[in-house]
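Q: output the structure for:
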Amino acid sequence: MGGPPPSSPPPPRKLKVLCLHGFTQNAETFRMRTGSIRKQLKSRIDFVFVDAPHDASGAFGESDASSLGAAATGESENDVGPRAWWLVGENAVEDALAAASSEARDEDEVADADENEAKPPTPPTRPAMSRQMRGWDATATRIADAVRTLGPFDGVLGFSQGASAAALALALVPSLRETVAFAILFSGFAPLDPTASAALFGPRDDGGGGGGGGGDTLRGVRSLHVWGTADGMVSRERFEELRSAFRTPEPETFEHDGGHGVPFSKEFRAALKAFALAA
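A: Below is the predicted model of the structure:
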C-alpha cells in the first residue's frame, strides 16, 4: 500500500590520491610512514604509492639518511632501495672533481706526504639547496605513466622532495593536472633550479628561487601545507616559498612541533580528513 521503502543513497565515491615519497625513500617506506593517516581515511581514499625513477643510493651519510627516513639498500629481491625524483647536479660535479683530484695525486710520485693525504670529502648538497636539478624528464614520464595506468587521481600527496615534485608535476604534467583538485604537501620546498622555479612562479629577473613570481600554473588547486617547527632539513622560509606558489584558492597550513616527517597526532588527522573530504 505504501510502496517500497526508500532506498539508501549510494556510498560516496572513493577518491584516489597519488603519493610521492621523499628523497632516499621509496614507495614502500613512505607507505609505511603514512600508516596512521591512511587508516583514518581508508574508507574514503585510495592512496597510490609509486617509486621515483632515480637511484639515490649513497647520497648522504648515516645521520642525514636517518633524518630523511631513507629506504633500505635495495639488496633484497623486492627492495628497490633509496630513490629520488631528481638528482643534484652539484653533487655530480663534486664527484667528478674528487675523482680527478684522486687520480692526479696517484700519478704525482714526487708529491710530499702532506699533499698526498686525502682531504675530507665535501658534504653533499641536499636537494632543497640545489640549483641544478638533473633527471626531471624521467620523473615527468614516471608520473604520466602512473596517471595512465593507475589514475586518474583526485589529489596528490608528497613529502619533502616528493612535495616539491608534486607541485612541479601539477605545473608540468598535463594529464595529472587535468583531474587533480587538491594537494597535500609535507615539508615541501620551492626548488632553486631556475627552470623549475620558472615553472612554478614564472620568470624572475633576479634569478631567485620563488616566492611571489608571476606564474599562475597552480590556479584552482586546493592545497594543505604541513611543516614542523623542529624541521632541520627544510626551513620555514623555503617551506613558505613553495606554499606561495598556490595562490588561488588561498592555501591552508598546518604547523606542528615535530621535525622532518609526517605528523600523526589526532589533531592533524582530523584536519587532514576535513581538508581531503571537503566539497
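Q: which parts of the helix or strand encompassing residue 147 are buried?
A: Residue 147 belongs to helix 136-150 when elements are defined using DSSP states H and E. For helix 136-150, the neighbour count (16 or more other Cβ atoms under 10 Å) marks 136, 139, 140, 142, 143, 144, 146, 147 as buried. Bear in mind the C-beta positions are built from the backbone N, C-alpha and C, glycine included.
Q: now the helix or strand containing residue 168: average pLDDT?
A: With elements taken from DSSP H and E, the one containing residue 168 is helix 161-172. The pLDDT scores in helix 161-172 average 97.
Q: quick one on the thing from earlier: any idea which helix or strand comes after the helix holding residue 147?
A: strand 155-159.
Q: taking helix 161-172 as reference, get the angle to that next one.
A: Interaxial angle, strand 155-159 versus helix 161-172 (axes from the mean of the first three to the mean of the last three Cα atoms, to 10 degrees): 140 degrees.
Q: can you list contacts of strand 155-159?
A: Contact partners of strand 155-159, identified using Cβ atoms under 8 Å, 6 or more residues apart in numbering, comprise 15-22, 25, 30, 33-34, 45, 47, 164-167, 169-170, 176, 180-188, 261-262, 276.
Q: what's the ChimeraX line that selects buried ones from those?
A: Typed into ChimeraX, the line below selects the buried ones among the contacts of strand 155-159, using 16+ other Cβ under 10 Å:
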select :15,16,17,18,19,20,21,22,25,30,33,34,45,47,164,165,166,167,169,170,176,180,182,183,184,185,186,187,188,261,262,276
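Q: out of the contacts of strand 155-159, list just those in strands.
A: Judged by DSSP state E, the subset of these located in strands is 15-20, 45, 47, 182-186.
Q: residue 192: which of the residues you listed is nearest?
A: Closest approach to residue 192 among those (Cβ to Cβ): residue 185, at 17.0 Å.
Q: in the stretch 151-279 of the chain, which spans are helices?
A: Along the stretch 151-279 of the chain, counting by DSSP state H, counting those that start in this stretch, helices occupy 161-172, 174-177, 194-201, 236-243, 266-276.
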